[in-house]
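Engineer: With the input below, show me the fold.
(chains A, B, C and D)
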There are 2 protein chains.
Amino acid sequence: MGSIETGKSIGVQLHNLLREAIVRGELRPGEALSETDIAARYSVSRQPVREAFIRLAQERLVAVLPQRGTFVVKISIRDVQDVRFVREAIEIAVVREAAEQRDPALVKSLRSILAQQRKVKGGDNAAFLALDEQFHQTIALATGREHAWRVIDQIKAQMDRVRYLSYDAATPLSRLVEQHTAIVDAIEAGDPIAAEKAMHHHQQEILQSLSALAQRFPDAFEL
Amino acid sequence: MGSIETGKSIGVQLHNLLREAIVRGELRPGEALSETDIAARYSVSRQPVREAFIRLAQERLVAVLPQRGTFVVKISIRDVQDVRFVREAIEIAVVREAAEQRDPALVKSLRSILAQQRKVKGGDNAAFLALDEQFHQTIALATGREHAWRVIDQIKAQMDRVRYLSYDAATPLSRLVEQHTAIVDAIEAGDPIAAEKAMHHHQQEILQSLSALAQRFPDAFEL
DNA sequence: GTGGTCTAACTTGTATGGTAGTATAGCAAT
DNA sequence: ATTGCTATACTACCATACAAGTTAGACCAC
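Structural biologist: Okay, the predicted model is just below:
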């Protein structure tokens, strides 16, 4: 599961490590996480592990049941839909601002990311997802909405868990690139309405694959 | 500052206690919070205090600087504006859904809250704020967007800190009631566009008082 | 076989001791 | 008077020990 890199406190490092492991599905939904186990595995005491669990619990990635155990929470379809709703609301507002500002430097950065995305080899889902994240983050930061991105970053973990379920991307990557292109075009044209629509269309994408994935991986979902 | 009520774990109780104290301004921005001090004050060990700090830090209410101390973060005008932006984006999307659903039960609940708000005595800011929160929460939960409300609840702490600064409400409460009424009317009429506009107008309110408060309480703000 | 009870092996929660790092106050040298 | 060093009193961080609660299974009574 990787080892501990130096730098920040052990608790923070463990938090990042476990968070990524959960999002990538290496720690499976429903799996029990024991403070003692994790502590032994990384040769640290229980305390930092405990603190990492607290942070994960606040992100709804694990559930701590007193005197019973700590478990990776299963993916809830309802929650994913709800998170998607919130994310869309925020990103639509952000992209509208971006279209109003019409910053040439932003457009250039985005086009560069698009070029990289087109080069991604067939099934390298993880690489594409990283670029996808960078795309959305770039827009948010360019409009000065750092806090907006912080919120998105926190809640999107729930959505990323779903996306990591499908190695063979449910949606052809080329279609996602098309949608990204439409967004950039609208920003460049300075057309807030078109930008909103393009982002709305893009955000709908995950809904397509959701129910299919829930059937294919029943154990990963609750109920 | 209040004492510890029974029920959940000490760490969680402390978290709630301190969070409220910070939002209400009883713990002042910039003030240093020592693990040892808090622990002694409530006659508990340092560990639960530490865990409460971690939760507060994730909500950006305190900043823990390793080996230096833990401090109540000052209010950042930039952050408040940014949080407001996110909240507006979410609430606009929520209220649009509410208007589309046109649930009579929801309208009835909201009218009831409005009636209570009108009865609030002159300067009882805290009582009014509680009803205001209930108003917005009711809309979100009625549309089934629990997660949306969770997000709002987390980030709005930053805004509430500003609102608690002004005992003599910066905005006449009657004006806020008018804005609420306009929102309910739009929901009842089933007019999503009007609902959006009413909510947008309402969310702008805090911006009016922000700079004035920053001048009146310079110590509470950063920079 | 079935049901109840008790024990033992877990779990998280809390308390406490010790470590390493930081800032500050006081003293010395210039 | 000003600068530089040193001792000291903080801080958050980590490890360990103990307490309290839950669960699962062995065991016994019927």
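
Engineer: For the rest of this, base every contact and every neighbour count on C-alpha atoms.
Structural biologist: OK.

Engineer: moving C-terminal of the longest helix seen in chain A, what's the next helix or strand?
Structural biologist: For chain A, the helix that runs over the most residues, judged by DSSP state H, is helix A:77-101. Next helix or strand after helix A:77-101 toward the C-terminus (DSSP states H and E): helix A:104-119.

Engineer: Show the subsequent helix or strand relative to that following helix.
Structural biologist: By DSSP H and E, the next helix or strand past helix A:104-119 is helix A:125-142.

Engineer: So residue A:70 lies in a helix, does it not?
Structural biologist: No: counting by DSSP: H, G, I helix; E, B strand; the rest coil, residue A:70 falls outside a helix, being strand.

Engineer: residues of the helix or strand harbouring residue A:49 that come out buried?
Structural biologist: In this assignment (DSSP H and E), residue A:49 forms part of helix A:46-58. By 16 or more other CA atoms under 10 Å in any protein chain shown, the buried positions in helix A:46-58 come out as A:46, A:48, A:49, A:50, A:51, A:52, A:53, A:54, A:55, A:56, A:57.

Engineer: Three-state assignment for the residue of chain A most remote from its centre, please.
Structural biologist: Distance from the C-alpha centroid of chain A, by CA atoms, centre = their mean, peaks at residue A:67 (30.9 Å). Following three-state DSSP, we place residue A:67 in the coil state.

Engineer: where does it fall, phi/psi-wise?
Structural biologist: phi 60, psi 10 (degrees, to the nearest 10).

Engineer: For chain A, what lies in contact range of DNA strand D?
Structural biologist: A:9, A:10, A:11, A:43, A:44, A:45, A:46, A:47, A:48, A:66, A:67, A:68 (CA under 7 Å from any atom of the strand).

Engineer: So which of those sits lowest on pLDDT?
Structural biologist: In terms of pLDDT, residue A:9 ranks lowest among the residues of chain A next to DNA strand D, with 90.

Engineer: I'd like to know how far that one sits from DNA strand C.
Structural biologist: From residue A:9 over to DNA strand C the distance is 11 Å, taken as CA to the nearest atom of the strand, to the nearest Å.

Engineer: Phi first, then psi, for that residue.
Structural biologist: phi -70, psi 160.

Engineer: what number of residues lie near it?
Structural biologist: 11 (other CA atoms under 10 Å in any protein chain shown).

Engineer: How about residue A:62?
Structural biologist: With other CA under 10 Å as criterion, residue A:62 counts 24.

Engineer: so it bridges to which residues?
Structural biologist: residue A:72 (DSSP bridges).

Engineer: still on that earlier bit, which one of the buried residues of helix A:46-58 is nearest DNA strand C?
Structural biologist: For the buried residues of helix A:46-58, the closest approach to DNA strand C (CA to the nearest atom of the strand) belongs to residue A:50, at 6.7 Å.

Engineer: Check whether the closest one really touches residue A:35, as I assumed.
Structural biologist: Yes: at 6.4 Å, residue A:50 and residue A:35 qualify as touching, with contact defined as CA atoms under 8 Å.

Engineer: Give me the contact list for the helix-or-strand element of chain A with minimal mean pLDDT.
Structural biologist: Here the helix or strand of chain A ranked lowest by mean pLDDT, DSSP states H and E is helix A:205-216, holding a mean of 89. With contacts defined as CA atoms under 8 Å, 6 or more residues apart in numbering or on different chains, helix A:205-216 is touched by A:77, A:81, A:162, A:163, A:165, A:166, A:170, A:171, A:220, A:221.

Engineer: Of those residues, which one scores lowest on pLDDT?
Structural biologist: residue A:170 (67).

Engineer: May I see the domains of chain A written out as residue ranges?
Structural biologist: A:10-73, A:76-222 (automatic domain parsing).

Engineer: Can you flag the weakest of those domains by average pLDDT?
Structural biologist: Across those, the lowest-scoring stretch is domain A:76-222, with a mean of 92.

Engineer: just to revisit the earlier point, does any part of the helix holding residue A:49 sit near chain B?
Structural biologist: Yes: remark: helix A:46-58 sits within contact range of chain B at A:51, A:54, A:55, A:58, by CA under 8 Å from any CA of the partner chain.

Engineer: ditto for stretch A:158-169
Structural biologist: No: using CA under 8 Å from any CA, stretch A:158-169 stays clear of chain B, coming no nearer than 11.6 Å.

Engineer: Buried residues in that stretch, which are they?
Structural biologist: A:158, A:159, A:160, A:161, A:162, A:163, A:164, A:165.

Engineer: Over to stretch A:190-207?
Structural biologist: Buried-residue list, stretch A:190-207, by 16+ other CA under 10 Å: A:190-192, A:194-200, A:202-203, A:206.

Engineer: measure residue A:216 to chain B for me?
Structural biologist: 25 Å (CA to the nearest CA, to the nearest Å).

Engineer: what about that residue, neighbour count?
Structural biologist: By other CA under 10 Å, neighbour count at residue A:216 equals 12.

Engineer: So residue A:23 sits against residue A:161, correct?
Structural biologist: Yes: the criterion here is CA under 8 Å, and residue A:23 meets it with residue A:161 at 4.7 Å.

Engineer: CA atoms of the least confident helix or strand of chain A as CSV?
Structural biologist: Provided in CSV are the C-alpha atoms of helix A:205-216 (Å, rounded to 0.1, in the frame of the first residue of the first chain):
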residue,chain,number,x,y,z
GLU,A,205,-21.8,12.1,-17.7
ILE,A,206,-21.2,10.1,-14.5
LEU,A,207,-24.9,9.5,-14.1
GLN,A,208,-24.9,7.3,-17.2
SER,A,209,-22.5,4.7,-15.8
LEU,A,210,-23.7,4.8,-12.2
SER,A,211,-26.4,2.2,-12.2
ALA,A,212,-24.5,-0.2,-14.4
LEU,A,213,-21.5,0.0,-12.1
ALA,A,214,-23.8,-0.6,-9.0
GLN,A,215,-25.0,-3.8,-10.6
ARG,A,216,-21.5,-5.0,-11.6
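
Engineer: chain center to that helix: distance?
Structural biologist: 16 Å (CA atoms, centre = their mean, to the nearest Å).
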